[in-house]
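Engineer: Predicted model follows, preceded by the sequence.
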Amino acid sequence: MGAHTQDQGRPLGVTPVLRQDYASRTADRQAAFVRPYLSSGLELLDVGCGPGTITVGLAAIVRPGRVVGLDHDPAHIDSARALAREQGADNATFEVGDAAALPFGDERFDVAFENDVLVHLPSQAVSVACEIHRVLRPGGVFAARDSVADSAVWGNQTAPMREFDQLFFRWQASRGSDISLGRELPRILREAGFDVVATAISADTKSTEHERGEHARRMLALLEGPVGRDAMARGEVDADGLQRMAAAIQGWGAQPDSFFANIHVEVIARKAG
């Protein structure tokens, strides 16, 4: 995720906390569902590549084929290029660009991939999918994966944490995002002209001690940063409420029975040959 464009008239920024989350993603986890459709020599486009951690994994699979990662954020592209150099992914290149106006000619790629990009472009989701349809060759595959965050599964989620969850949803909505758009993916891709081949469900899970700790730290950073600031500005919470939520998040991160699973819909779609 990361190839955001303007939605609802505002540019969508990427906070440092979200950058950390994007950097933890891998092809083995977030792109496993497209692996059966990949082979050596294919040309692949990663729309919303973020810092490139998924892209370099995909590049290893399709080598000597080429992978292009596209993102709206120059800082992400710089990170992705550095990672590709570090890992010797010389068949991966990265470009700054707009997901709704892809800077590529028609029928250039065999496969396109996106992870949690359309959730941040809800009013443009069909248009973005149409652009991806345009740049795919006949018979090409589009692998789309987006969250259904209002179906997330929590272990040990307390009432103050549910309050934080509601604040997080409202903050995302204020930025023009619909982080539960995943349930609409099959319809969106059909409207863009794709044939839907397969639909599945997976989850990004935080369950180990390290994963719980990292997730708690990221929630705290959001609470103490943009989510908490926006909620206070809207009069939805006061300082005592923020302290109560922070204590609950810290307690959740320290509990060995705590876990979090963000549900995703994964769709494999094909452009008619």
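Structural biologist: Here it is on my side, so go on.
Engineer: ok, now which ones touch the residue nearest in space to the middle of the chain?
Structural biologist: In the chain, the C-alpha nearest the mean C-alpha coordinate belongs to residue 116, at 2.7 Å (C-alpha atoms, centre = their mean). For residue 116, the contact set (C-beta atoms under 8 Å, 6 or more residues apart in numbering) comprises 1, 48, 145, 146, 147, 264. In this view, the C-beta of every residue, glycine as well, is placed from N, C-alpha and C.
Engineer: Nearest residue to residue 149 in space, please, no chain neighbours.
Structural biologist: Nearest residue to residue 149 in three dimensions, chain neighbours excluded: residue 179, at 4.1 Å (C-beta to C-beta, 6 or more residues apart in numbering).
Engineer: per-residue pLDDT, that neighbour?
Structural biologist: Per-residue pLDDT puts residue 179 at 97.
Engineer: related to what we said a few turns ago, and the contacts of residue 116, which is closest to residue 66?
Structural biologist: Nearest to residue 66, judged by C-beta to C-beta, of the contacts of residue 116 is residue 48 at 18.0 Å.
Engineer: Can you say which two of the contacts of residue 116 are spatially most distant?
Structural biologist: 48 and 264 (14.1 Å).
Engineer: Quick check: residue 221 is in a strand.
Structural biologist: No: assessed with DSSP: H, G, I helix; E, B strand; the rest coil, residue 221 is helix; it does not lie in a strand.
Engineer: burial of it, as a residue count?
Structural biologist: Neighbourhood size, residue 221 [other C-beta atoms under 10 Å]: 17.
Engineer: Distance check, it against residue 162.
Structural biologist: Distance, residue 221 to residue 162, using C-beta to C-beta, to the nearest Å: 19 Å.
Engineer: what helix or strand is residue 61 on?
Structural biologist: In this structure, residue 61 sits in helix 53-62 according to DSSP states H and E.
Engineer: In the stretch 51-200 of the chain, mark out all the strands, start to finish.
Structural biologist: Ranges of strands in the stretch 51-200 of the chain, per DSSP state E, counting those that start in this stretch, are 67-71, 92-96, 109-115, 136-147, 153-155, 195-206.
Engineer: Dump those strands into JSON lines; add mean neighbour count as well.
Structural biologist: Shown next, in JSON lines, are the strands of the stretch 51-200 of the chain (neighbours: other C-beta atoms under 10 Å):
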{"stretch": "strand 67-71", "mean neighbour count": "29"}
{"stretch": "strand 92-96", "mean neighbour count": "20"}
{"stretch": "strand 109-115", "mean neighbour count": "26"}
{"stretch": "strand 136-147", "mean neighbour count": "23"}
{"stretch": "strand 153-155", "mean neighbour count": "14"}
{"stretch": "strand 195-206", "mean neighbour count": "15"}
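Engineer: Mind putting the ones you listed into CSV with distance to residue 258 and mean pLDDT?
Structural biologist: Compiled in CSV, those are given as follows (distance: least, C-beta to C-beta, whole Å; pLDDT from 0 to 100):
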stretch, distance to residue 258, mean pLDDT
strand 67-71, 32, 98
strand 92-96, 36, 98
strand 109-115, 25, 98
strand 136-147, 20, 98
strand 153-155, 5, 97
strand 195-206, 9, 97
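Engineer: For the chain, which segments count as helices?
Structural biologist: 16-23, 27-30, 53-62, 74-87, 125-135, 159-174, 185-191, 209-224, 226-233, 239-254 (DSSP state H).
Engineer: Let me have those in TSV, adding mean pLDDT and distance to residue 108 as columns.
Structural biologist: Below are the helices of the chain laid out as TSV (pLDDT from 0 to 100; distance: least, C-beta to C-beta, whole Å):
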stretch	mean pLDDT	distance to residue 108
helix 16-23	62	25
helix 27-30	95	21
helix 53-62	97	14
helix 74-87	95	19
helix 125-135	98	5
helix 159-174	96	32
helix 185-191	98	19
helix 209-224	95	36
helix 226-233	96	37
helix 239-254	97	44
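Engineer: Next, count neighbours for residue 257.
Structural biologist: 9.
Engineer: any idea how far it lies from residue 62?
Structural biologist: Counting by C-beta to C-beta, the gap from residue 257 to residue 62 is 40 Å.
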